[in-house]
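>>> Quick one, structure for this:
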Amino acid sequence: MRTPGVPLRFMDDKDDAKSCVRCGRCMAVCPVYGTTLREYDAPRGRLALLENLGRSGSGSKRLKEILSRCLLCGACGEVCAAGVDTVSILQAGRSRLFGDRGGPITGDVIARSEWETALSKKVVTKGGTLLQALICRRIPEASGLHLRFPLRFFIKRQTVPGLSEIPFMEEPKARKAAESESARVGLFVGCGANYIFPESARALVHILGRLGLSVAVPAEQECCGLPAYVSGNTPRAQALARKNIETFETAGVDTILTVCASCGAHLQGLPHLFVEGSSWHGRAQAVAEKHRDAMAFLVEQTGLSSLFRASRAEIEKGRPIRRVAYHDPCHLRITQGITDAPRRFLEMLPGVKLMETPHEGRCCGHGGGFNLTHFDVSMDILEKRMADLRQVSPELIVTGCTGCLLQFIEGVSRLGLEGAVRVLHPLVLAQQTLSQERG
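As a prediction, this is how the structure comes out:
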């Protein structure tokens, strides 16, 4: 079983695959197997294939496709009777196949005739601002968004994410924060918060300011490297890690906050990208130890509850209480072991009734590259999670992961609930509450 808070470790061999006793406990919790009911989609099935890979020394195109059929959510590791770190073993297999076969595990192969028709129509009907930004390189090529949003992404979805007119890192407040020499708290923004959900990063800076804390936003930070890593491109992930390590070393902050659970999980796992005992491993460890999820950090600040207490009666008087459903991102619940802090954070907010859903902790099906390579399965998994959420009739769905936010925006659209249900980051909901207080 994976110890909460212990990030993924990189492995160079598949020997641990042999310790799987094929008990089948993983099958009961695997979102993919629960949807397809195919043995090779179960964690134990993938481990058996990796064991054979270890013996044969090479993998087929079919094996590569099967290994991509995993969300890397970590649910299997939570229940494994033999304590097999399935996710790390699978990730090592992906990395090996990347080297053996010369392309990322989630590489996009798409016919020109397909996207010239379907894609061009999407651009016209849904704006296509994100697509245009990717093609025209308004978003730097180093950003993980180029891996997360290849052409296929824009064809099957009903919603195409809008793009912030000004990336968060280019906003005046962020630029001013980047020049701060006295801030002891640093913000790792991440690609999703920088380009698609800048309001989440903006909200954090606002709340920290109300608490009297200044925040540094180093301008040189890059993509966290998770999209490259999960696609099997470990060298690229290592290069991005080195850049971010150097950047936050220079910033000299005591704490590094993230607003995206996936970015946070990857930052905690940076040491495992490097050989233990090497200088980069030690430097990565120092950065990882400074990382905190933003909501977990905020609930420990003694002044947070007082921000809302003073005007609680005025805010709630004469207003209906909003029903809010919180979704646990897998990278927060499993990889970082954080479940209580976001709920405590939400319960501090006036006018909010936190609604717990059935199957608490169920994956939404996004899984980064999984959403791209296996979109239909991803939507089947999302449908189950949306059914959970609908049972509590929420007005708001909140979650602390940019991938999960994208997934629920799509889910709300597919159910035709855009006018009835909003999807937000909890930090954005908190900032809106503070704005009501001041108003």
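
>>> and the helix or strand harbouring Leu90, what does it pack onto?
Assessed by DSSP states H and E, Leu90 sits inside helix 86-101. When contacts are defined as 3 or more C-beta pairs under 8 Å, 6 or more residues apart in numbering; DSSP states H and E, helix 86-101 packs onto helix 43-56, helix 61-67, helix 75-79, helix 226-230. Backbone N, C-alpha and C define where each C-beta goes, glycine included.

>>> go with 10 Å
In terms of contacts (3 or more C-beta pairs under 10 Å, 6 or more residues apart in numbering; DSSP states H and E), helix 86-101 is packed against helix 43-56, helix 61-67, helix 75-79, helix 226-230, helix 234-251.

>>> what comes up buried for that helix?
Judged by neighbour count (16 or more other C-beta atoms under 10 Å), helix 86-101 contains these buried residues: 86-98, 101.

>>> helix or strand for the spatially most central residue of the chain, which one?
Nearest to the mean C-alpha position of the chain, counting by C-alpha atoms, centre = their mean, stands Ser262 at 3.0 Å. Applying DSSP H and E as the criterion places Ser262 in helix 261-268.

>>> and that helix with helix 234-251, angle?
80 degrees (axes from the mean of the first three to the mean of the last three C-alpha atoms, to 10 degrees).

>>> can you tell me the average pLDDT over helix 261-268?
When pLDDT is averaged over helix 261-268, the result is 96.

>>> what ranges of the stretch 51-200 of the chain fall below the confidence cut-off?
Scanning the stretch 51-200 of the chain for pLDDT under 70 picks out 53-59, 98-155, 160-161, 175-183.

>>> On the three-state scheme, Asp81 is what?
Let me fix one detail, which is that residue 81 is Ala and not Asp. The local conformation at Ala81, judged by DSSP: H, G, I helix; E, B strand; the rest coil, is coil.

>>> Now for it: which residues touch it?
Met1, Cys20, Val21, Cys23, Gly24, Arg25, Cys26 (C-beta atoms under 10 Å, 6 or more residues apart in numbering).

>>> again, only this time at 7 Å
Residues in contact with Ala81 (C-beta atoms under 7 Å, 6 or more residues apart in numbering) are Val21, Cys23, Arg25.

>>> Filter these down to the ones in helices?
Among those, none falls in helices (DSSP state H).

>>> most neighbours, which of those residues?
Arg25 (17 neighbours; other C-beta atoms under 10 Å).

>>> Skip the chain neighbours and tell me the closest residue to that one.
In space, Arg25 comes closest to Val79 once its chain neighbours are excluded; the distance is 4.8 Å by C-beta to C-beta, 6 or more residues apart in numbering.

>>> wait, doesn't that neighbour sit right on Cys26?
Yes. The pair Val79 / Cys26 is scored as a contact, 6.4 Å apart, by C-beta atoms under 7 Å.

>>> Looking at these two, which is more packed in?
Cys26 (25 against 16).

>>> And the more buried one, how close does it get to Pro271?
Applying C-beta to C-beta, to the nearest Å, the value for Cys26 to Pro271 is 26 Å.

>>> Contact partners for the closest residue to Arg22 other than its chain neighbours?
Nearest residue to Arg22, sequence neighbours excluded (C-beta to C-beta, 6+ apart): Arg44, at 5.2 Å. Under the criterion of C-beta under 7 Å, 6+ apart, the neighbours of Arg44 are Cys20, Arg22, Gly24, Cys26, Met27.

>>> Can I get those residues in TSV including pLDDT?
Formatted as TSV, the contacts of Arg44 follow (pLDDT from 0 to 100):
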residue	pLDDT
Cys20	86
Arg22	88
Gly24	91
Cys26	94
Met27	95
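
>>> Now restrict those residues to buried residues only.
Cys20, Cys26, Met27.

>>> List just the nearest of the buried residues of helix 86-101 to Gln407.
Distance to Gln407 across the buried residues of helix 86-101 (C-beta to C-beta) is lowest for Val87, with 19.4 Å.

>>> Make sure the closest one is actually in contact with Leu71.
No. Between Val87 and Leu71 there is no contact under C-beta under 7 Å: 9.5 Å.

>>> domains of this protein?
Domain segmentation of the chain under automatic domain parsing yields 15-101, 112-156, 168-297, 311-438.

>>> residue ranges for the strands of the chain, please.
Applying DSSP state E to the chain gives strands spanning 185-188, 215-216, 255-258, 291-293, 322-326, 352-355, 396-398, 422-424.

>>> Buried deepest among these, which one?
Most buried of the strands of the chain by mean neighbour count (mean count of other C-beta atoms under 10 Å) is strand 185-188; its value is a mean of 26.

>>> For the helix holding Leu90, C-alpha coordinates in CSV please.
Output of helix 86-101 as CSV, limited to C-alpha atoms (Å, rounded to 0.1, in the frame of the first residue of the first chain):
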residue,chain,number,x,y,z
THR,A,86,1.9,-0.6,-9.2
VAL,A,87,2.0,3.0,-10.4
SER,A,88,5.7,3.4,-10.1
ILE,A,89,6.3,0.1,-11.9
LEU,A,90,3.9,1.0,-14.7
GLN,A,91,5.5,4.4,-15.1
ALA,A,92,9.0,2.7,-15.3
GLY,A,93,7.6,0.5,-18.1
ARG,A,94,6.3,3.6,-19.9
SER,A,95,9.7,5.2,-19.6
ARG,A,96,11.4,2.1,-20.9
LEU,A,97,9.1,1.9,-23.9
PHE,A,98,9.6,5.5,-24.7
GLY,A,99,13.3,4.8,-25.1
ASP,A,100,12.8,1.5,-26.9
ARG,A,101,10.1,2.7,-29.4
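
>>> oh, and call the first residue 12 from now on, that's how I've got it
Yep, numbering from 12; the last one is helix 97-112 now.

>>> tilt between that helix and helix 54-67?
40 degrees.

>>> tell me how far helix 97-112 is from the chain's mean position?
How far helix 97-112 lies from its chain's middle: 20 Å, per C-alpha atoms, centre = their mean, to the nearest Å.

>>> residues in contact with the nearest residue to Asp391 once chain neighbours are set aside?
Among residues not flanking Asp391 along the chain, Thr46 sits closest, at 4.7 Å (C-beta to C-beta, 6+ apart). Residues near Thr46 by C-beta under 7 Å, 6+ apart: Val388, Asp391, Ile392.

>>> who touches the last one in this structure?
Listed by C-beta under 7 Å, 6+ apart, the contact partners of Ile392 are Pro42, Thr46, Cys374, Gly376.

>>> hmm, 10 Å instead?
42-43, 45-46, 82, 84, 373-378, 381-382, 385, 418.
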